[in-house]
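Trainee: A structural model of the following input is requested.
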Amino acid sequence: SLAGSWIPSLVFGIPGDSAAAIIIGVLYMKDMNPGPTLFLFQADKLYAVFILFLIANIALLPLATIAVSFIKRIIWIDKAILYPIILIFSIVGAFAIDNSGASVVVMLVMGVLGYWLQRKEYPGSPIILGMILGPMLEKNLLSS
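Mentor: Residues are numbered from 1 along each chain as shown. Prediction:
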């Protein structure tokens, strides 16, 4: 499943699922433009990504088996305790990005928007795909 979504993401620059859409955004931030030119002009970086995938999968197997015993305890924590802790970590993380309250406000507004979209049963994948593909589509439409 993962390889099936990564192939169109790297070869054509079209995400195969929502996780691949996020990764495409990260690749653009790292000046790696997914698509046919990625294999021509940045093959060394692409091979580094493949090697890192291999290393990560090998390293994750023993770590995941150890982590499962600890993570399964989180299921039994009361939501009234767990949700405020997650909110505090999210606020601290948003503030740590650029030491600005504006990041916290954006995080809170996007959290409320995401909660509302989830309550109204809007799917998240098309929104993420639109955010990733929208600027590329607009640029290519204007250039044609």
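Trainee: For the rest of this, base every contact and every neighbour count on C-alpha atoms.
Mentor: OK.
Trainee: can I see the domain layout of the chain?
Mentor: Using automatic domain parsing, the domains assigned to the chain come out as 1-73, 77-144.
Trainee: For the shortest one, the averaged confidence score.
Mentor: Domain 77-144 carries an average pLDDT of 89.
Trainee: So which residues of the chain form helices?
Mentor: Along the chain, counting by DSSP state H, helices occupy 2-11, 18-29, 36-41, 43-71, 79-98, 101-119, 124-143.
Trainee: As PDB, could you dump the C-alpha coordinates of stretch 67-87?
Mentor: Taking C-alpha atoms only, stretch 67-87 is exported to PDB below (Å, rounded to 0.1, in the frame of the first residue of the first chain):
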ATOM      1  CA  ALA A  67       6.800   0.400  22.100                       C
ATOM      2  CA  VAL A  68       3.600  -1.600  21.800                       C
ATOM      3  CA  SER A  69       3.700  -2.700  25.400                       C
ATOM      4  CA  PHE A  70       4.000   0.900  26.600                       C
ATOM      5  CA  ILE A  71       1.600   2.500  24.100                       C
ATOM      6  CA  LYS A  72      -1.200   0.100  24.900                       C
ATOM      7  CA  ARG A  73      -1.400   1.600  28.400                       C
ATOM      8  CA  ILE A  74      -2.400   5.000  26.900                       C
ATOM      9  CA  ILE A  75      -5.700   3.400  25.800                       C
ATOM     10  CA  TRP A  76      -6.700   3.100  29.400                       C
ATOM     11  CA  ILE A  77      -6.000   6.800  30.300                       C
ATOM     12  CA  ASP A  78      -9.200   8.800  30.800                       C
ATOM     13  CA  LYS A  79     -10.000  11.200  28.000                       C
ATOM     14  CA  ALA A  80     -10.500  14.000  30.500                       C
ATOM     15  CA  ILE A  81      -6.900  13.700  31.400                       C
ATOM     16  CA  LEU A  82      -5.400  12.800  28.000                       C
ATOM     17  CA  TYR A  83      -7.000  15.500  25.900                       C
ATOM     18  CA  PRO A  84      -5.700  18.500  28.000                       C
ATOM     19  CA  ILE A  85      -2.200  17.000  27.900                       C
ATOM     20  CA  ILE A  86      -2.300  16.700  24.200                       C
ATOM     21  CA  LEU A  87      -3.600  20.300  23.900                       C
END
